[in-house]
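K.L.:
Sequence first, then the predicted structure, then my questions.
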Amino acid sequence: MGLLNFLKGEFIEVVHWEDDSQDTMVYKFPLTSKQQIKEGAQLVVRPSQVAIFVYEGQIADVFEPGKYTLHTDTMPIFTSLSNWKNLFENHFKTDVYFINTKQFTNQKWGTINPIMMRDADFGMLRLRGFGVYAFRVKEAVQFLKEIFGSNKFFTVDQINEYLKSLIVSSITDVIAEAKIPAMDLATQYDEIGSLAMARINDRFDVYGLTITDFAIENLSLPESVEQAIDKRTQMGALGNLNQYMKFQTAEAIRDAAQNPGGGMAGMGAGMGAGMGIGKMMTDMMTDDQQASAPSNQGNTQPSGIACPTCHTTVPEGSKFCSNCGYSFMAKCIQCGKELPSGSKFCTECGASQVTEKHCTNCGEVVEAGAKFCPHCGNKTE
């Protein structure tokens with residue numbers, strides 16, 4: 001009876017893996033040198049698992065999630081590799097690896113050394129960053145070949161440091177190529193993360209891995225640069241610095257005046273403050289007057305025309321003098337239409353408005369309306 005139980009224990013009838021960990025990526029099914037898998041044994045591959053059979057160092061069959069009965073029909077590759085005469089009549093020996101294909105989330109990444117960045121406003125900067133990412137095994141066979149080999153167990157910690165170095169290298173390239181100003185980095189985390197995720201996946205593919213999520217939690221600048229950015233923000237919020245300085249001066253004068261224990265020093269400070277506030281108020285009034293006063297530079301004389309009767313200056317285009325009522329309008333000598341004073345032709349009928357006459361004594365031309373000749377004094381009318 002004891003021998004029968006021993007023999008039964010040497011043949012494995014069910015091959016499966018119940019994963020009770022959170023970070024195991026590869027699990028090798030335990031087989032001792034005396035144990036072998038029984039022909040017709042059951043293979044159970046749970047969701048988010050892939051089972052790989054390896055015979056004498058060569059990858060044989062790969063099983064996706066499901067339940068299988070192990071015999072010649074279900075294992076054609078292994079059958080051709082083993083080339084046994086009995087072809088599983090009793091049992092066979094092989095290595096079985098279970099690959100965990102679920103997502104490994106909340107993985108941390110961060111910069112050990114600062115990233116050098118060239119900025120248009122601040123020059124060369126040292127940038128540090130950190131965040132989280134998630135990844136999983138996409139190609140189980142490739143992952144077996146490239147990463148874990150023949151280890152019995154393989155966990156996330158065994159590969160995480162290497163993946164971090166790939167991530168930091170990729171995000172460094174992305175930040176350098178994006179040329180985002182340092183003051184705008186905090187508003188571009190999603191855009192930088194998307195670009196970095198595509199770059200990282202190109203490198204993960206080589207190892208049969210894929211990154212499923214990538215997030216930047218913080219990109220921090222040196223303290224001195226952050227202080228400079230804060231000062232720029234304050235200056236932008238203050239607006240008119242001249243008005244702000246005047247306000248600050250008034251506040252300081254008020255505080256000095258409210259100091260009861262100042263003694264002579266307070267008196268001196270008060271006198272100085274009084275002189276300061278007086279000058280400040282004078283400057284403010286001068287500025288306000290200059291801002292509100294109309295500019296008359298280069299135009300000291302009012303523009304307009306002079307009335308021929310009272311010599312009052314009235315705006316150009318006026319029909320009557322505002323002082324004496326003189327009419328600046330003339331009438332066409334032919335049709336009677338009112339015309340601006342000095343018009344040479346009528347705008348209605350086109351008749352010439354210049355009437356010439358000659359002096360009867362000297363023959364010189366005399367302006368229309370003149371009562372005496374300006375040349376000889378002869379009376380023209």
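P.N.:
Arrived safely.
K.L.:
by contact count, what packs against the strand or helix carrying residue 171?
P.N.:
If you go by DSSP states H and E, residue 171 is part of helix 157-178. On a contact count with 3 or more CB pairs under 8 Å, 6 or more residues apart in numbering; DSSP states H and E, helix 157-178 meets strand 104-110, strand 115-119, strand 123-137, helix 189-204, strand 209-220. Backbone N, C-alpha and C define where each C-beta goes, glycine included.
K.L.:
Can you give me the domain boundaries for this protein?
P.N.:
Using automatic domain parsing, the domain parsing of the chain gives 2-100, 104-226.
K.L.:
now the longest one: how far from the chain's centre is it?
P.N.:
Relative to its chain's centre, domain 104-226 lies at 20 Å (CA atoms, centre = their mean, to the nearest Å).
K.L.:
quick one: the strands in the stretch 201-350 of the chain?
P.N.:
Assigned by DSSP state E, counting those that start in this stretch, the strands in the stretch 201-350 of the chain fall at 209-220, 305-306, 313-314, 329-331, 338-340.
K.L.:
ok, back up a step: of the helices and strands packed on helix 157-178, give the one that comes closest to residue 27.
P.N.:
The minimum distance between residue 27 and the helices and strands packed on helix 157-178 falls on strand 123-137, with 12.5 Å, by CB to CB.
K.L.:
a markdown table please, covering the helices and strands packed on helix 157-178 and showing mean neighbour count, mean pLDDT and distance to residue 375.
P.N.:
What follows is the helices and strands packed on helix 157-178, written out as a markdown table (neighbours: other CB atoms under 10 Å; pLDDT from 0 to 100; distance: least, CB to CB, whole Å):
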| stretch | mean neighbour count | mean pLDDT | distance to residue 375 |
| --- | --- | --- | --- |
| strand 104-110 | 16 | 93 | 108 |
| strand 115-119 | 16 | 83 | 88 |
| strand 123-137 | 17 | 91 | 88 |
| helix 189-204 | 17 | 93 | 93 |
| strand 209-220 | 18 | 92 | 97 |
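K.L.:
Any idea how far apart the tips of stretch 43-54 sit?
P.N.:
End-to-end distance for stretch 43-54: 15 Å, by CA to CA, to the nearest Å.
K.L.:
which residue packs closest to residue 144, ignoring adjacent ones?
P.N.:
In space, and not counting its chain neighbours, residue 144 is closest to residue 52: 6.0 Å by CB to CB, 6 or more residues apart in numbering.
K.L.:
does the one you found really touch residue 145, like I thought?
P.N.:
No - using CB atoms under 8 Å, residue 52 is not in contact with residue 145; the gap is 10.2 Å.
K.L.:
Give me the common contacts of the two.
P.N.:
Both residue 52 and residue 145 are contacted by residue 59, under the criterion CB atoms under 8 Å, 6 or more residues apart in numbering.
K.L.:
need the strands of the stretch 201-350 of the chain in JSON lines with distance to residue 31, can you?
P.N.:
What follows is the strands of the stretch 201-350 of the chain, written out as JSON lines (distance: least, CB to CB, whole Å):
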{"stretch": "strand 209-220", "distance to residue 31": "27"}
{"stretch": "strand 305-306", "distance to residue 31": "119"}
{"stretch": "strand 313-314", "distance to residue 31": "119"}
{"stretch": "strand 329-331", "distance to residue 31": "123"}
{"stretch": "strand 338-340", "distance to residue 31": "120"}
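K.L.:
Residue 360: which of those strands is closest?
P.N.:
Among the strands of the stretch 201-350 of the chain, strand 329-331 comes nearest to residue 360, with 26.4 Å by CB to CB.
K.L.:
Who are the packing partners of the closest one?
P.N.:
Other elements packing on strand 329-331 under the criterion 3+ CB pairs under 8 Å, 6+ apart are strand 338-340.
K.L.:
and the strand it packs on, which residues are buried?
P.N.:
Neighbour-count burial for strand 338-340, counted by 16 or more other CB atoms under 10 Å, picks out residue 339.
K.L.:
Repeat that for stretch 148-165.
P.N.:
Applying a neighbour-count criterion of 16+ other CB under 10 Å, one finds 148, 154, 155, 156, 159, 160, 163, 164 buried in stretch 148-165.
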